[in-house]
Structure formats: C-alpha cells, structure tokens
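Asker: Starting from these lines, generate the structure:
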Amino acid sequence: MDVTLNNRRVMVALDVQGREEALVFAKALQGSGCWLKVGLELYAYTGPAMIHELKTLGFPIFLDLKLHDIPTTVERAIRGFVQCGVDMINVHCSGGYDMMARAAHAVQEAGSKLSSIPKVIGVTVLTSMSEDQFRQEMGVERKLQEHVVELAKLAERAGLDGVVASAREAREIRQSTKPGFLIVTPGIRPAWSEAQDQMRVLTPHAALAAGSSYLVVGRPITRAENPRQALERLWIL
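Answerer: Predicted coordinates:
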C-alpha cells in the first residue's frame, strides 16, 4: 500500500487557536503528502498570514470558511481569499444557485491570474447533524440524504467543482453527478478513534469505497501523541 499516495487524499484539520500550535502540527506532517485544512478557528486568530506560512512548507491548503451571504458579498470576498494562494475554498450550498454561480465565476476569474485556479466546493449538510436534528430542528420534510444529493446537483449546475458531504451520502452523490465531481468528506473516524461530536461517520477505507475524493480528519490526528504516526495509522484496517 502506498501510504503517501493515500495521504494525498487526506486533509488534516488544524482546528487550533494559534500560529505556533499550527506550525508544530504542520512541521510534524511535512513531507507526508497530506493537505492542511484551515478553518474558522485558526483563521480567526491568524488570518491570511497563516496560509502563506503553511504554503511555504509545501502543503496544499483547503480554506474552510463556509461562506454564506448575499451573492455580491460572497463574490467579492472570495476574490480576496483566492489571492491568499489557497488550493480549495468553500461556500454553503444553501446560499442558493446565484450565490454559488457567482462564487465559481469569481474563483475562475481571480484564479486565472495565478499559477493555478483553486477548487471551489459547496457545503451540503454538516456532518455533526443527525437525521432527527435535520427533520425536527431545521423543519425540512425530505430525508437528509435526499436533501444532500439535491444540493450537490444544484452545486454542479452552478459550476462548483464539488461538495462537502458525509461519506454516507457519497455513493449516491457519485451516481448523480459527473465524473470528476469532488466529494470532500468530514466526519472520518478510523476504527480506533471515537466519533466525538460527529454523527454521520465512516472509516477512511469505507469512505473511499463509497466514492469520497478527499477525507477531512482532525482530532484523531491532531490530538494524537504522534500526529505523523496517527496519519499513517489511518490506513490500518
């Protein structure tokens, strides 16, 4: 098994509050082949400078800010984020077709002036939400899986490169969208870890078998005594 090749499909979530802590993890994982995910927590404390530092260490970066606002605001904001040199960025599918389409256009236009154009993907339903919560709290009548798939199809029509969705919905998304449409799946938990606050989880091997393109893994790696070793352990059945 080529561990480095598999690691290229792993995005390690740096959900920490400061530059020093983020760099400790980054340096421990440097050369492993994985991506790093910068989310709201780390971005709030460090801003764009953190992205530049992580890029100099050789990592592809997924900027996970889940943009959700009126179309004009998202379009303008995303142009700025593209200039940071990120490799992937996301918006919320629930922002609607126009918001997603304008985000996709902005990424293409702003990215065309760079060495490579980032991927832009849409968040469907958070993996921390259960079927019961989705029905009772959100008041949505259709089943969660059906809703996720319909949002994925809407994202594809709007020109996005893929979606963020649970691996439990990946197989049906894969069947309902064109080849090459990306499926980024959080809530990945190896057999040796706890689910914690994630509800719709699968193991790394099961997620890839279901059709996931990339796997987002946080605490099983970042809370491990040896993050590099934990990353390699993901692939042990």
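Asker: so who does residue 102 touch?
Answerer: Residues near residue 102 by CB atoms under 8 Å, 6 or more residues apart in numbering: 71-72, 74-75. C-beta: built from backbone N, CA, C; applies to glycine.
Asker: can you redo those as JSON lines with secondary structure?
Answerer: Putting these into JSON lines (DSSP: H, G, I helix; E, B strand; the rest coil) gives the following:
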{"residue": "71", "secondary structure": "helix"}
{"residue": "72", "secondary structure": "helix"}
{"residue": "74", "secondary structure": "helix"}
{"residue": "75", "secondary structure": "helix"}
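Asker: Show me the two of those that sit farthest apart.
Answerer: 72 and 74 (7.4 Å; CB to CB).
Asker: re earlier: which PyMOL command selects the buried ones in the contacts of residue 102?
Answerer: Entered in PyMOL, the line below selects the buried ones among the contacts of residue 102, by 16 or more other CB atoms under 10 Å:
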select buried, resi 71+74+75
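Asker: Residue 183: which of the contacts of residue 102 is nearest?
Answerer: Nearest member of the contacts of residue 102 to residue 183, counting by CB to CB, is residue 74, at 21.7 Å.
Asker: quick one: contacts for the closest one?
Answerer: Residues in contact with residue 74 (CB under 8 Å, 6+ apart) are 67-68, 91, 95, 99, 102-103.
Asker: 10 Å - rerun?
Answerer: With contact taken as CB atoms under 10 Å, 6 or more residues apart in numbering, residue 74 is in contact with 67-68, 91-92, 95, 98-100, 102-103, 106.
Asker: Report the buried members of those residues.
Answerer: So, by 16+ other CB under 10 Å, the buried ones in the contacts of residue 74 are 67-68, 91-92, 95, 99-100, 102-103, 106.
Asker: With only the CA atoms kept, save stretch 166-178 in PDB.
Answerer: Only the C-alpha atoms of stretch 166-178 are listed here, as PDB (Å, rounded to 0.1, in the frame of the first residue of the first chain):
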ATOM      1  CA  SER A 166     -20.800  12.900   4.700                       C
ATOM      2  CA  ALA A 167     -19.300   9.700   3.300                       C
ATOM      3  CA  ARG A 168     -22.700   8.200   4.000                       C
ATOM      4  CA  GLU A 169     -24.100  10.300   1.100                       C
ATOM      5  CA  ALA A 170     -21.100   9.900  -1.100                       C
ATOM      6  CA  ARG A 171     -22.200   6.900  -3.100                       C
ATOM      7  CA  GLU A 172     -25.500   8.500  -4.200                       C
ATOM      8  CA  ILE A 173     -23.800  11.800  -5.000                       C
ATOM      9  CA  ARG A 174     -21.200  10.000  -7.100                       C
ATOM     10  CA  GLN A 175     -24.100   8.300  -9.000                       C
ATOM     11  CA  SER A 176     -25.900  11.600  -9.500                       C
ATOM     12  CA  THR A 177     -23.100  13.800 -10.700                       C
ATOM     13  CA  LYS A 178     -20.500  13.900 -13.500                       C
END
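Asker: Any buried residues in that stretch, and which?
Answerer: 166-170, 172-174, 177.
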